[in-house]
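Engineer: Task: produce atomic coordinates for the following.
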Amino acid sequence: MLKRNFLIIAIVITISTFLTSCGNIKDAMHLDKSKKENSIFNDTESLNNEKYTSYIALDNFITGKLKNSLNYYFEKFGDTPEIKVDKNSDIYTGTLLEVKKIEVQESLKYAFKKPFFNDLDNYVKALDPKLKELIDLLDEADSYYKLKSYIDDDFVKGKALHKKIYLKYNEFEPLAKKFSSHFEVVFLDKSREDLENFKKNDFMIRYYALSVILKAKSLESELNNQGITCENISDLNIDKFKEKYNLLVQDTNKFLEYSKDLDRIEKEKLDPNFEYANVFKYRITDVKAAATDILTRAQNGNKNKNKDYGTPEYYTKKIKDAVYEYIKIK
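Structural biologist: Below is the predicted model of the structure:
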């Protein structure tokens with residue numbers, strides 16, 4: 001009888017242990033599954049941000065350095081298939097194109113990588129060969145003029161290069177416009193989502209860093225909507241401009257205030273040295289100053305004809321410089 005009781009107790013203990021073990025195994029499996037799901041989510045988010053950041057760099061290059069180089073080139077040699085040469089001009093400076101080909105090529109490769117951005121990826125794929133060919137042609141022209149080879153062959157190669165550059169540019173430009181205009185929509189949509197997340201988590205340094213850029217771009221849109229260029233700044237509707245300008249000033253001051261808060265820097269897991277944000281401060285200061293110059297120039301009746309001072313073109317360049325630094329903030 002005693003043995004039988006011991007046997008029953010042993011069976012009960014065994015069953016209890018087994019059930020407990022099963023419960024632990026299920027908990028462990030659930031925890032492991034949860035960890036994997038979080039890991040997959042984080043990896044996907046990381047890849048998404050990586051691709052997005054790369055496309056920002058690509059857009060900045062196309063609408064910044066490349067555009068400036070093309071404007072300079074066509075100003076020198078004309079925007080028709082046949083080259084126009086002023087032998088007294090400073091053509092020895094080349095095309096002024098600053099480009100790191102490897103970085104551009106890496107950005108273009110993202111069109112073929114997950115996560116896919118649908119239409120945006122298709123625009124980049126169409127852009128890919130045209131952009132590479134245009135860069136190569138400008139690079140070849142750059143060497144040709146810096147070496148003063150046009151003196152050796154009396155512009156024979158220069159004429160041939162010009163025709164190629166002109167034709168390739170006309171193939172490239174509509175594709176570049178499609179990419180940039182579509183990317184602008186993607187950028188604004190994602191930025192609004194990021195703003196909500198920053199505010200939700202009380203990441204006010206990051207919040208105002210991005211908000212300043214959006215306010216600056218809103219002011220840029222106001223200039224575009226009014227059709228304001230360096231030639232007609234005196235036509236600026238100052239009241240409309242100042243409405244958005246004041247918002248830019250407010251957010252700039254807020255960013256500068258929060259970026260001094262060491263506790264917030266730690267809370268937002270920013271680099272303790274905060275190197276990128278320090279550079280970003282300078283870029284944002286430049287943006288605000290450029291906006292102020294536009295206002296001052298408009299109020300003075302566009303009397304100052306300086307190429308950069310108080311122009312929408314210069315203001316846009318400063319925004320792009322700020323965006324380039326913003327994407328480096330980790």
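Engineer: okay, the host helix or strand of Ile205 in PDB with CA atoms only?
Structural biologist: If you go by DSSP states H and E, Ile205 is part of helix 204-226. The C-alpha trace of helix 204-226 is given here as PDB (Å, rounded to 0.1, in the frame of the first residue of the first chain):
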ATOM      1  CA  MET A 204      12.400  67.700 -29.100                       C
ATOM      2  CA  ILE A 205      15.900  68.200 -30.400                       C
ATOM      3  CA  ARG A 206      15.100  65.900 -33.300                       C
ATOM      4  CA  TYR A 207      11.600  67.300 -33.600                       C
ATOM      5  CA  TYR A 208      12.800  70.900 -34.100                       C
ATOM      6  CA  ALA A 209      15.700  69.900 -36.300                       C
ATOM      7  CA  LEU A 210      13.200  68.400 -38.800                       C
ATOM      8  CA  SER A 211      10.600  71.000 -38.200                       C
ATOM      9  CA  VAL A 212      13.000  73.800 -39.100                       C
ATOM     10  CA  ILE A 213      13.700  72.100 -42.500                       C
ATOM     11  CA  LEU A 214      10.000  71.700 -43.200                       C
ATOM     12  CA  LYS A 215       9.300  75.400 -42.300                       C
ATOM     13  CA  ALA A 216      12.200  76.400 -44.600                       C
ATOM     14  CA  LYS A 217      10.800  74.300 -47.400                       C
ATOM     15  CA  SER A 218       7.300  75.800 -46.800                       C
ATOM     16  CA  LEU A 219       8.900  79.300 -47.200                       C
ATOM     17  CA  GLU A 220      10.600  78.000 -50.400                       C
ATOM     18  CA  SER A 221       7.300  76.900 -51.700                       C
ATOM     19  CA  GLU A 222       5.900  80.400 -51.000                       C
ATOM     20  CA  LEU A 223       8.600  81.900 -53.200                       C
ATOM     21  CA  ASN A 224       8.000  79.400 -55.900                       C
ATOM     22  CA  ASN A 225       4.200  80.000 -55.800                       C
ATOM     23  CA  GLN A 226       4.800  83.700 -56.200                       C
END
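Engineer: Report the buried residues of it.
Structural biologist: Buried residues in helix 204-226, defined by neighbour count with 16 or more other CB atoms under 10 Å: 204-217, 219-220, 222-223. For every residue, glycine as well, the C-beta is placed using N, CA and C.
Engineer: cool, and stretch 159-176?
Structural biologist: So for stretch 159-176, counting by 16+ other CB under 10 Å, buried means 159, 161-162, 164-166, 168-169, 172, 175-176.
Engineer: what's the offset of stretch 219-238 from the middle of its chain?
Structural biologist: How far stretch 219-238 lies from its chain's middle: 24 Å, per CA atoms, centre = their mean, to the nearest Å.
Engineer: contacts for it?
Structural biologist: For stretch 219-238, contacts defined as CB atoms under 8 Å, 6 or more residues apart in numbering pick out 240-241, 244-245, 248, 291, 294-295, 297-299, 301-302, 307, 310-313, 315-316, 319.
Engineer: mind checking the end-to-end distance for that stretch?
Structural biologist: 12 Å (CA to CA, to the nearest Å).
Engineer: Which stretches in the protein count as helices?
Structural biologist: 2-61, 67-77, 101-109, 119-146, 149-153, 156-200, 204-226, 238-258, 262-267, 275-299, 312-326 (DSSP state H).
Engineer: want to throw those into CSV with mean pLDDT and distance to Gly94?
Structural biologist: Formatted as CSV, the helices of the chain follow (pLDDT from 0 to 100; distance: least, CB to CB, whole Å):
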stretch, mean pLDDT, distance to Gly94
helix 2-61, 57, 18
helix 67-77, 92, 9
helix 101-109, 92, 16
helix 119-146, 95, 4
helix 149-153, 92, 11
helix 156-200, 94, 12
helix 204-226, 95, 30
helix 238-258, 95, 36
helix 262-267, 89, 43
helix 275-299, 88, 27
helix 312-326, 90, 20
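Engineer: Look up the pLDDT of the spatially closest residue to Glu313 that is not a sequence neighbour for me, please.
Structural biologist: Leaving out its chain neighbours, the residue that sits closest to Glu313 by CB to CB, 6 or more residues apart in numbering is Cys230, at 6.0 Å. We have a pLDDT of 85 for Cys230.
Engineer: And Cys230, how close does it get to Lys190?
Structural biologist: Distance from Cys230 to Lys190, counting by CB to CB, to the nearest Å: 31 Å.
Engineer: neighbour count winner among those two?
Structural biologist: A direct count of neighbours by other CB atoms under 10 Å for Cys230 and Lys190 places Cys230 higher, at 18 against 15.
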